[in-house]
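# need the 3D shape of this:
(one chain, ligands or ions: 3)
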Amino acid sequence: MREVSVSLGSRSYPIYVGPGILREVGDLARRHLSGERVLVVTNPTVASLYAAAVEESLAAVGFVVRRAEIPDGEEYKTLATVAALYDAALGAELERGDTVLALGGGVVGDIAGFLAATYMRGVAFVQVPTTLLAQVDSSVGGKVGVNHPWGKNLIGAFYQPRFVLADVRTLATLPLREVRAGLAEVIKYGVIHDAAFFAWLEANFEALLKLSDAAVEQAVATSCAIKAAVVSADETEKGLRAILNFGHTLGHALEAATRYERFVHGEAVAIGMVFAARLARRLGYFEPAGVERIAALVRRAGLPDAIPPDIAPEALLDAMRRDKKVAAGQLTFILPEAIGKVRIVRGVPADIVRSVLVEY
Ligand SMILES: NC(=O)c1ccc[n+]([C@@H]2O[C@H](COP(=O)([O-])OP(=O)(O)OC[C@H]3O[C@@H](n4cnc5c(N)ncnc54)[C@H](O)[C@@H]3O)[C@@H](O)[C@H]2O)c1
Ligand SMILES: O=C(O)C(=O)C[C@@H](O)[C@H](O)[C@H](O)COP(=O)(O)O
Ligand SMILES: [Zn+2]
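Ligands and ions are numbered 1, 2, ... in the order given. The predicted structure follows:
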């Protein structure tokens, strides 16, 4: 089992990564938590596969375990779902010293984290991510929250877990589409921070797609280490942390403009990364060969690399104007200068964005 640390003073926490470690959750919870009760928040898909293992492990070390299931899907990442969870937490007699444990993908993690951040003004939180995307990204760093009809993740908080446990063997049951979606965020880390990791991905992509234990463990641990370093330096996105949003200015707009029905998050981010690379080239920051390396890896992952022609550029520009990175009405993009290095560019003119959208 590998261990990666997020360093935030008294709120520092470990990320445990390895194959077959799911049943260690009880012992780790005993080490990191006080309190008597754990509310496991999950959905029916994940519950049928992994809830028994997690709950038995927690019960074996003396926790009183209750489960709350939410419907499966990004369209349920809403305040209404959180409201139902408040009822479930109260019904389970969860107290201030108790714990909310998220078991599932990023949707479950973001919602359960928001419950943990707000129920009784905050209870302990644990992340047990079961999608590749959640293991490499959403379970780490403390962004929790829900969507608003006007846009992605517009309601939320920064609220860190006590620990993260990523059992890479849980990915064996993941639909291929979700494996591919998770690879988008993995590719992101190579572009924003680590040229050697990007080259490693180029060399090991087939093993990753086949979910070989060694390749997945390496990809998850490296991704978590990069995210942990960024979050440790800038927890609340005053500056540097925005680099983790590479591909998301357009990605989130694509998700919202299509009402979360057409793309899963990683697919939208994949299109957004190739778009940002093209925008960087247009603005003179980035070499054409770099754009092609990113697009090639996106295609090898089986992810989309272009905006479907029926989605109007104006609809995307409207959605991008509600991006949380907008400042004084100006669009912000994370743009690559080289593989492994990005810059945060505020005030990209809308007419240039529009023209790259049209061409793309
Ligand atoms: N908080 C953050 O920092 C952060 C980072 C990235 C993404 N996100 C958010 O995460 C969400 C996307 O997360 P996601 O890609 O994990 O999607 P998801 O949570 O919708 O999970 C994808 C699908 O896989 C199923 N599933 C989960 N684990 C499984 C398993 N082991 N076997 C079989 N099926 C399984 C789920 O039930 C779901 O149907 C988006 O809402 C996105 O905004 C948040
Ligand atoms: O952790 C971060 O910071 C990220 O930007 C990670 C993203 O992959 C993730 O999708 C995040 O939820 C986006 O954050 P948002 O602030 O743009 O909603
Ligand atoms: Zn993301």
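
# where exactly do the helices run in this structure?
25-32, 44-46, 52-60, 79-91, 106-118, 132-133, 176-193, 195-209, 213-233, 248-257, 265-282, 288-300, 313-320, 350-359 (DSSP state H).

# quick one: pLDDT of residue 329?
You'll see residue 329 listed with a pLDDT of 88.

# now the helices of the chain in CSV, with mean neighbour count, mean pLDDT and distance to residue 10?
Quick note: C-beta positions are derived from backbone N, CA and C, even for glycine. Listed next are these as CSV, based on neighbours: other Cβ atoms under 10 Å; pLDDT from 0 to 100; distance: least, Cβ to Cβ, whole Å:
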stretch, mean neighbour count, mean pLDDT, distance to residue 10
helix 25-32, 18, 98, 13
helix 44-46, 18, 98, 31
helix 52-60, 18, 98, 25
helix 79-91, 15, 98, 25
helix 106-118, 26, 98, 17
helix 132-133, 28, 98, 29
helix 176-193, 24, 98, 26
helix 195-209, 16, 97, 30
helix 213-233, 21, 98, 13
helix 248-257, 26, 96, 30
helix 265-282, 26, 98, 31
helix 288-300, 18, 97, 39
helix 313-320, 18, 95, 37
helix 350-359, 14, 94, 42
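
# does stretch 83-102 reach ligand 1?
No. Using Cβ under 6 Å from any ligand atom, stretch 83-102 never reaches ligand 1; the gap is at least 9.8 Å.

# got the end-to-end distance for that stretch?
End-to-end distance of stretch 83-102: 16 Å, with Cα to Cα, to the nearest Å as the criterion.

# could the helices of the chain be laid out in JSON lines, adding distance to residue 165?
Putting the helices of the chain into JSON lines (distance: least, Cβ to Cβ, whole Å) gives the following:
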{"stretch": "helix 25-32", "distance to residue 165": "6"}
{"stretch": "helix 44-46", "distance to residue 165": "14"}
{"stretch": "helix 52-60", "distance to residue 165": "9"}
{"stretch": "helix 79-91", "distance to residue 165": "21"}
{"stretch": "helix 106-118", "distance to residue 165": "12"}
{"stretch": "helix 132-133", "distance to residue 165": "15"}
{"stretch": "helix 176-193", "distance to residue 165": "17"}
{"stretch": "helix 195-209", "distance to residue 165": "21"}
{"stretch": "helix 213-233", "distance to residue 165": "12"}
{"stretch": "helix 248-257", "distance to residue 165": "26"}
{"stretch": "helix 265-282", "distance to residue 165": "21"}
{"stretch": "helix 288-300", "distance to residue 165": "28"}
{"stretch": "helix 313-320", "distance to residue 165": "35"}
{"stretch": "helix 350-359", "distance to residue 165": "40"}
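
# which single residue of the stretch 251-360 of the chain ends up nearest ligand 1?
residue 265 (4.0 Å; Cβ to the nearest ligand atom).

# my guess is that residue contacts residue 105. True?
No. Between residue 265 and residue 105 no contact is recorded; they are 9.3 Å apart, counting by Cβ atoms under 8 Å.

# what parts of the stretch 201-350 of the chain come near ligand 2?
Counting by Cβ under 6 Å from any ligand atom, the residues of the stretch 201-350 of the chain near ligand 2 are 241, 244, 245, 248, 324.

# list the contacts of residue 241.
141, 230, 231, 233, 234, 235 (Cβ atoms under 8 Å, 6 or more residues apart in numbering).

# could you do residue 119 as well?
Here residue 119 is in contact with 86, 89, 94, 100 (Cβ under 8 Å, 6+ apart).

# residue 301 now?
180, 183, 184, 187, 205, 209, 270.

# and for residue 262?
Taking Cβ under 8 Å, 6+ apart as the test, what residue 262 contacts is 254, 308.

# how close does it sit to residue 253?
As defined by Cβ to Cβ, to the nearest Å, residue 262 lies at a distance of 12 Å from residue 253.

# figure out which of the helices of the chain is closest to residue 161.
Between residue 161 and the helices of the chain, the shortest gap by Cβ to Cβ is with helix 106-118, which sits at 7.3 Å.

# can you tell me if the closest one touches ligand 2.
No. Helix 106-118 stays clear of ligand 2 (Cβ under 6 Å from any ligand atom), getting no nearer than 7.0 Å.

# many thanks, have a good one.
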